[in-house]
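A.B. asks: Take this sequence and fold it.
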Amino acid sequence: MTEVAAGHVLTGQSRPDLDRGLSVANVVLFGAWLAAGLLFTAYSLYSDISQSGTPARTFLPFLLLGVALLIALGFEFVNGFHDTANAVATVIYTNSLPPNTAVIWSGFWNFLGVLFSTGAVAFGIVSVLPVDLILQVGSSAGFAMVFALLIAAIVWNLGTWYFGLPSSSSHTLIGSIIGVGVANQLMRMGNATSGVDWSQAQKIGYSLLLSPLVGFTCAAILLLVSKHAIPNAALYRAPAGNTPPPWWIRGLLVLTCTGVSFAHGSNDGQKGMGLIMLILIGTVPTAYALNRAMPEEAVTQFATVAASARESLSAMIRDEAAPADARAALADYVRTQTLNDATLPALAAVAGDIAYQVKSYGTFAKLPADAVQNVRNDMYLASESIRLMKKNGDPKFTDEAIRNLDELQKLLNASTKFIPTWVKIAVAVALGLGTMIGWRRIVVTVGEKIGKRHLTYAQGGAAELVAMGTILAADNYGLPVSTTHVLSSGVAGTMAANGSGLQWDTVKNLLMTWVLTLPAAILLSGVLYFLFYNLF
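C.D. replies: Predicted structure coming up:
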């Protein structure tokens, strides 16, 4: 891979001053926020573990927990400065905001985006992982998985950032997850096709592959439509020197920058959250495997709904007896998505066991420490089995069974798919602070090296509006999309629609990077998983 070639001298360009560093006050503020974030994370973790009564039999798991959390937050930090250009390049190159003001503003809205995220993307990412590693995330293989996929993603992100290439952090993380899954399956069974939820990976892969096409096409169309709908020549001219645009254009561009930053935080921040929750569940299940904040009345309702779901399933079962190991039967179904005579009896048995356990202890907080992980695994398998059965339309449930299973799945997800507030805050701080450093390399590529002419106000606004809308829409559907792909291809689309021309050396480098990201991440994470698995 070669560094992006020096840019064409852009027509009408007065290059913004990108070399001015942060002021002393900003550096002090950065350090204070970083220290506060780390201290808050450590205090919250200590408080939760203390309240849960987790026994400290040995120091090693907590050491691994600390290292894993630092690596996970490090991934979000690198993600921040790697992807900052997607939000700030347009406002910088249209003189709407000074560079340092732009990155601080973007960091603030990335921070808010993480805080107000739904969590759907977080668990969409997790569901791609191999079932056996999710169920045994606290084992040596679980730690090897987390370390391998996060370090692989960080290494690839840093490499592409060094060469000024806007690659996708989402694309990289998905590749890393697939690499771990394939390596795990090859090492254990010699069959690489069942280590990953390929249907979920395919769904996510489509969203990542389509995002550049959406960005290019929609941004180009939006620019052409705006030329007819808003025939204001000032919108379609390059900035004159360092003069800011008219106030209303400037406001629009700052608004789109804000929207992309918020959307990026909302979508990308969740990827780290899902992995952090896996780390916490595996290391301190007593504190994090189940949602201890659920009120007692909700837990009582849980037991009732689980019992009703079991009765509905039992009514559909003919003569099949529950398998000796119901959990293994459900794990096999989730892994292969192949229904057999043991699947429904296994689901009924697991639902009944969950109802009994929850009813016996009254609240999740009273579950014995050695039972928490097993109950959580039963809930995860039951929820995933119900999701896959409904998606595949097999078996054909009665209306009553569908109602009971929908309600059970809702409560199962509320019990297991939750994100503590401190995790959101920690990721928000890491991503927000990450946007404030290291942004210059990729900003130059997006602002100067995609088109042959200087970015106009309308081009910047069109690319940002499309990126913002695409990411927010994907966030609502729980799909991880690439901010980088949407924004970079959006800028290219506006250049093509405007007849500004494209710098094909840069375009080829970007396409090569996007093509290589998946196989490179798969290979890197697979090798690292093999090494860490044997080390641990």
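A.B. asks: quick one: buried residues of the longest helix anywhere in the chain?
C.D. replies: The longest helix of the chain (DSSP state H) is helix 247-283. Buried positions in helix 247-283, judged by neighbour count with 16 or more other Cβ atoms under 10 Å: 249-250, 252-283. Where you see a C-beta, it was placed from the backbone N, CA and C, and this is true even at glycine.
A.B. asks: Against Val481, how distant is the residue nearest the centre of the chain?
C.D. replies: The centre of the chain sits closest to Lys271, judged by Cα atoms, centre = their mean, with a distance of 2.4 Å. The gap separating Lys271 from Val481 is 11 Å, by Cβ to Cβ, to the nearest Å.
A.B. asks: shared neighbours, these two?
C.D. replies: Ser170 (Cβ atoms under 8 Å, 6 or more residues apart in numbering).
A.B. asks: Model confidence score at Leu330, please.
C.D. replies: At Leu330, the pLDDT value in this model is 91.
A.B. asks: do the same with Val126
C.D. replies: Val126 is given a pLDDT of 77.
A.B. asks: Kindly report the same for Pro246.
C.D. replies: Note on Pro246: pLDDT of 79.
A.B. asks: show me what contacts the spatially closest residue to it that is not a sequence neighbour?
C.D. replies: Take Pro246 and drop its neighbours on the chain: the residue closest to it by Cβ to Cβ, 6 or more residues apart in numbering is Ala234, 6.2 Å away. Each residue near Ala234 by Cβ under 8 Å, 6+ apart is listed here: 245-246, 249, 457.
A.B. asks: what do you get for Gly37?
C.D. replies: Residues near Gly37 by Cβ under 8 Å, 6+ apart: 425-426, 429-430, 433.
A.B. asks: 7 Å - rerun?
C.D. replies: Residues near Gly37 by Cβ atoms under 7 Å, 6 or more residues apart in numbering: 426, 429-430.
A.B. asks: need these in CSV with distance to Lys359 and pLDDT, can you?
C.D. replies: Output for those, formatted as CSV (distance: Cβ to Cβ, whole Å; pLDDT from 0 to 100):
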residue, distance to Lys359, pLDDT
Ala426, 35, 94
Val429, 40, 93
Ala430, 40, 93
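A.B. asks: Okay, buried residues for stretch 28-45 please.
C.D. replies: 30, 33, 37-38, 41, 44-45.
A.B. asks: just these now: which is nearest Tyr333?
C.D. replies: Of all those, Leu45 has the smallest distance to Tyr333: 34.9 Å, by Cβ to Cβ.
A.B. asks: which of the contacts of Gly37 has the most neighbours?
C.D. replies: Ala430 (28 neighbours; other Cβ atoms under 10 Å).
A.B. asks: re the thing from before, for the contacts of Ala234, which ChimeraX command selects only the ones that are buried?
C.D. replies: The following ChimeraX line selects those of the contacts of Ala234 that are buried, judged by 16+ other Cβ under 10 Å:
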select :245,249,457
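A.B. asks: now the contacts of Ala234 in CSV, with distance to Phe397?
C.D. replies: Formatted as CSV, the contacts of Ala234 follow (distance: Cβ to Cβ, whole Å):
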residue, distance to Phe397
Pro245, 58
Pro246, 60
Ile249, 55
Tyr457, 55
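A.B. asks: hmm, which two among the contacts of Ala234 are most spread apart?
C.D. replies: Pro246 and Tyr457 (8.6 Å).
A.B. asks: before we move on, what SS does the residue nearest to Leu408 when sequence neighbours are not counted have?
C.D. replies: Spatial nearest neighbour of Leu408, chain neighbours left out: Ala309 (4.3 Å); criterion: Cβ to Cβ, 6+ apart. The three-state label given to Ala309 by DSSP: H, G, I helix; E, B strand; the rest coil is helix.
A.B. asks: All set, thanks.
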